[in-house]
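Visitor: sequence-free structure coming up:
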C-alpha cells in the first residue's frame with residue numbers, strides 16, 4: 001500500500017464509526033479552543049489595560065510622596081510634596097511640557113435632596129492638558145479661579161448624571177461639606193484610571209480645596225497628594241524623570257534617600273504587561289491540560305480499535321501487508337482525528353474570542369503563533385499517543401490474530 005491508499009483507508013475507517021470518532025476528537029477540540037481562547041483573551045486584556053494607561057495622558061510621570069521603604073514600614077503616606085514643587089517643575093525642568101498637582105479627599109456632595117459621598121479632587125487648570133481631558137459641557141476653571149479661590153466645581157460625567165439626571169448641571173448650585181459651589185462644567189466620560197474614577201469625581205481649584213474643604217496642614221506650603229507631569233515627547237521621559245529627581249532633591253535638601261517616588265507610564269505598562277503575560281501563560285497551561293487529556297482519549301480509542309480489528313489486521317498481514325503498512329495506517333488515523341479536532345477547536349476558540357470582544361470592553365486578540373502552536377501540538381499529540389496502539393497492531397502475529405478472531 002502506498003501513502004495515499006493508507007490515508008483513504010484511514011478515512012473510511014473513521015467514517016464508519018462517526019460517533020466514536022467525533023467523541024474522540026472532542027478532547028482535542030476543547031483543548032485547542034481553550035488554549036487559543038485563553039491566549040486571545042489574555043492579549044485582549046493586555047491591550048485594554050495598555051489603552052487605559054495611555055488614556056491617562058501622553059508621556060505621563062507621577063511624582064508620589066514617600067518612597068518604597070516608607071511604604072513598606074507604614075501605610076501612612078508622608079506629606080513631602082507641596083504645590084510649589086509642581087510650580088518649580090513646570091518652570092525649571094526643560095523636558096517637561098505641562099505639570100499639574102492633585103489634592104484628593106472624600107466629601108459629601110449635596111444637590112437638593114440628593115446626597116452622595118464622592119472623591120473631591122483639588123487640581124490646577126493644566127489638569128485638562130496633562131490628563132488629556134476635555135469639557136463636555138461648560139468650561140474648566142482658570143488661573144483667575146485659582147488665585148481668587150473661587151467656589152466653582154467641574155463634575156465627572158457619571159456624577160453629573162447621578163445628581164442632575166437630564167437637567168443641565170452648568171450654572172447649578174450644589175454643596176460640598178456644607179459649602180456652596182457653582183457647577184461650571186462637566187468632563188467627558190473616560191472611565192477609571194489607576195484606581196481613580198474621574199467620571200465619578202468633583203474637581204475644584206486646588207487652592208479652594210485647601211482653604212474651604214480640606215485645610216492646610218503642612219508648614220512648608222500647600223501639600224498635594226501627588227504631582228503629574230507630562231514630558232514633551234516619548235524620547236524625553238527618562239530625561240524628565242532624571243531632571244525632576246535632581247530638582248526635588250535640591251528643593252527638599254536631600255542628602256540620603258529620596259522622600260518621593262517617580263513612576264512613569266512606561267513602568268506601569270511594563271508591570272501590567274508582566275502580570276497579564278504571566279496570567280495568560282498560566283491560563284494557557286491550564287487549558288493545555290485538556291489537550292493532554294484529549295491525547296489520552298485518542299490512545300484509548302485506538303487501543304480499543306486494535307482489539308476490534310484483530311481479524312482485519314490478521315487478514316491484511318496474511319495477504320502481504322507489512323508491519324510498516326499496519327503501523328502507518330493506525331498512526332494516520334490518530335493524526336487525522338487530532339488534526340481535524342485541532343482545526344475545529346481553532347474555529348471554536350477564535351469564535352469565542354470574538355464573542356468575548358463583542359460582550360466585553362476587551363479587544364479580539366487573535367494570535368497566529370498561538371493558533372499554529374495549538375494545531376501543531378494537537379497533531380503531535382495524535383502522532384505521539386497513536387504510536388503505542390499502532391505498534392501493538394503492527395506486532396500482531398497474523399496466525400494468532402486470525403485464530404483469536
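Guide: Cool, the structure landed. Predicted model only: the values in this text are computed from it and were never measured.
Visitor: do you know the pLDDT at the residue nearest the centre of the chain?
Guide: The C-alpha lying nearest the average C-alpha coordinate of the chain belongs to residue 45 (C-alpha atoms, centre = their mean; 2.8 Å). For residue 45, the pLDDT comes out at 77.
Visitor: can you name the next helix or strand after the helix or strand containing it?
Guide: Using DSSP states H and E, residue 45 sits within helix 18-54. Next helix or strand after helix 18-54 toward the C-terminus (DSSP H and E): strand 60-65.
Visitor: compute the inter-axis angle for that next one and helix 18-54.
Guide: Between strand 60-65 and helix 18-54, the angle comes out at 70 degrees (axes from the mean of the first three to the mean of the last three C-alpha atoms, to 10 degrees).
Visitor: by contact count, what packs against strand 60-65?
Guide: strand 226-231, helix 237-251, strand 260-264 (3 or more C-beta pairs under 8 Å, 6 or more residues apart in numbering; DSSP states H and E). C-beta here means a position set from N, CA and C on the backbone, and glycine is covered the same way.
Visitor: what's the closest of these to residue 322?
Guide: strand 260-264 (67.5 Å; C-beta to C-beta).
Visitor: contacts only, for residue 222.
Guide: 82, 83, 84, 103, 206, 207, 210, 216 (C-beta atoms under 8 Å, 6 or more residues apart in numbering).
Visitor: how close does residue 277 sit to residue 353?
Guide: 17 Å (C-beta to C-beta, to the nearest Å).
Visitor: the two: which is more packed in?
Guide: For residue 277 and residue 353, the more surrounded residue by other C-beta atoms under 10 Å is residue 353, and the numbers stand at 25 against 14.
Visitor: which residue, neighbours along the chain excluded, lies closest to the more buried one?
Guide: Spatial nearest neighbour of residue 353, chain neighbours left out: residue 40 (3.8 Å); criterion: C-beta to C-beta, 6 or more residues apart in numbering.
Visitor: low-confidence ranges in the stretch 1-150 of the chain?
Guide: 1-2, 52-58, 68-78 (pLDDT under 70).
Visitor: if we use 90, what do you get?
Guide: 1-61, 64-80, 112-114, 129-134 (pLDDT under 90).
Visitor: all strands for the protein, in order.
Guide: Applying DSSP state E to the chain gives strands spanning 60-65, 96-111, 114-123, 135-138, 152-155, 173-176, 179-187, 192-193, 196-197, 201-205, 226-231, 260-264.
Visitor: I'd like those as TSV, with mean neighbour count and distance to residue 341 appended.
Guide: Below are those laid out as TSV (neighbours: other C-beta atoms under 10 Å; distance: least, C-beta to C-beta, whole Å):
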stretch	mean neighbour count	distance to residue 341
strand 60-65	21	47
strand 96-111	20	54
strand 114-123	18	52
strand 135-138	16	51
strand 152-155	27	55
strand 173-176	17	62
strand 179-187	19	51
strand 192-193	14	41
strand 196-197	16	45
strand 201-205	25	51
strand 226-231	25	51
strand 260-264	18	46
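Visitor: quick one: closest of these to residue 346.
Guide: strand 192-193 (34.8 Å).
Visitor: mean confidence (pLDDT) on the closest one, please.
Guide: For strand 192-193, the per-residue pLDDT averages 64.
Visitor: was I right to think residue 135 contacts residue 187?
Guide: Yes - the criterion here is C-beta atoms under 8 Å, and residue 135 meets it with residue 187 at 6.2 Å.
Visitor: correct me, but the residue nearest to residue 353 touches residue 362?
Guide: No - using C-beta under 8 Å as the test, residue 40 is too far from residue 362 to be in contact (9.2 Å).
Visitor: more crowded one of these two?
Guide: More crowded of residue 40 and residue 362, by other C-beta under 10 Å: residue 40, with 27 against 20.
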